[in-house]
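[1] next one to model:
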Amino acid sequence: MDGYDTGRLIYLIILGLMVCTWFFAQNRLSTNKLLQQVAIWGLIFLGVIAAYGLWDDIRQTVQPQQAVFADQGKIVVPRSPDGHYYIRTEVNGAPVDFVLDTGATMLVLTREDAAAAGLDPDALDYTGRAMTANGEVRTAPVRLDTLTLGPATDTNIPAVVNSGEMSQSLLGMTYLQRWGKIEISGGELTLTR
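    Down below sits the predicted model:
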């Protein structure tokens with residue numbers, strides 16, 4: 001802590017003491033009421049800290065997750081609040097989250113997801129082109145050793161790595177056609193083999 005930080009800390013302590021002194025002076029006749037208010041604000045403060053610390057757990061509980069019915073050979077994915085269907089897979093053994101995109105022809109990996117799957121995005125040959133909502137991008141054709149979605153593991157999957165900025169990898173039609181039935185109903189996407 002340098003001198004500037006120490007000075008700020010001393011200033012905040014003095015300011016806090018002044019506010020507390022004023023608060024106690026104003027409420028000196030009603031000590032019980034003062035203690036109740038302090039207890040209420042303390043509980044509110046602790047509640048906010050607990051909610052912040054447990055936010056990831058709360059979000060996991062509130063937000064529905066994909067369900068795998070291995071004995072029936074199907075995956076059920078709930079629609080997310082933004083209207084998309086996010087699917088958790090394993091590509092070459094690495095976890096990769098895809099957004100289902102029936103408008104995408106190919107399975108498209110971001111550079112980050114390609115690297116996680118063991119591909120070197122810098123060593124790829126970006127000879128392909130694709131039209132996106134943001135314009136034309138260059139793509140590199142690749143073959144994925146394995147792609148596992150629930151009970152199904154497929155091998156030798158054709159895909160492309162996008163050279164541009166993408167926030168999420170896309171699960172396109174070349175992969176979705178491997179499933180026997182794709183159904184969207186009641187806010188859920190069901191893939192069945």
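[2] what number of residues are in the vicinity of the closest residue to residue 24 other than its chain neighbours?
    If you skip the residues right next to it in sequence, residue 24 has residue 34 as its closest partner in space, 7.2 Å away by Cβ to Cβ, 6 or more residues apart in numbering. Every residue, glycine included, has its C-beta placed from N, CA and C. Residues lying near residue 34 (other Cβ atoms under 10 Å) number 15.
[3] swap in the one 10 residues further on?
    Applying the criterion other Cβ under 10 Å, we find 10 residues in the vicinity of residue 44.
[4] can you say which helix or strand has it in it?
    For residue 44, the enclosing helix or strand under DSSP states H and E is helix 31-53.
[5] same check, this time on residue 179
    With DSSP H and E as the test, residue 179 turns up in no helix or strand.
[6] what about it, how many neighbours?
    When neighbours are counted by other Cβ under 10 Å, residue 179 registers 17.
[7] give me the distance between the nearest residue to residue 193 once chain neighbours are set aside and residue 192.
    Among residues not flanking residue 193 along the chain, residue 73 sits closest, at 4.1 Å (Cβ to Cβ, 6+ apart). Residue 73 is 6 Å from residue 192, where distance means Cβ to Cβ, to the nearest Å.
[8] output the contacting helices and strands for the helix or strand where residue 16 lies.
    Here residue 16 is covered by helix 3-26, with elements defined by DSSP H and E. Here helix 3-26 is seen to pack against no other helix or strand when contacts are counted using 3 or more Cβ pairs under 8 Å, 6 or more residues apart in numbering; DSSP states H and E.
[9] can I get it in CSV, CA atoms only?
    Listed next in CSV are the C-alpha coordinates belonging to helix 3-26 (Å, rounded to 0.1, in the frame of the first residue of the first chain):
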residue,chain,number,x,y,z
GLY,A,3,1.1,6.7,0.6
TYR,A,4,-1.8,7.7,-1.6
ASP,A,5,-3.8,4.5,-0.7
THR,A,6,-3.0,5.0,3.0
GLY,A,7,-4.3,8.6,2.8
ARG,A,8,-7.5,7.4,1.0
LEU,A,9,-8.0,4.7,3.7
ILE,A,10,-7.6,7.2,6.5
TYR,A,11,-10.0,9.6,4.8
LEU,A,12,-12.6,6.8,4.4
ILE,A,13,-12.3,5.7,8.0
ILE,A,14,-12.7,9.3,9.3
LEU,A,15,-15.7,9.8,7.0
GLY,A,16,-17.2,6.6,8.2
LEU,A,17,-16.7,7.5,11.8
MET,A,18,-18.3,10.9,11.2
VAL,A,19,-21.4,9.3,9.6
CYS,A,20,-21.7,6.7,12.4
THR,A,21,-21.3,9.5,15.1
TRP,A,22,-24.0,11.6,13.4
PHE,A,23,-26.3,8.5,13.1
PHE,A,24,-25.8,7.6,16.8
ALA,A,25,-26.3,11.2,17.9
GLN,A,26,-29.6,11.4,16.0
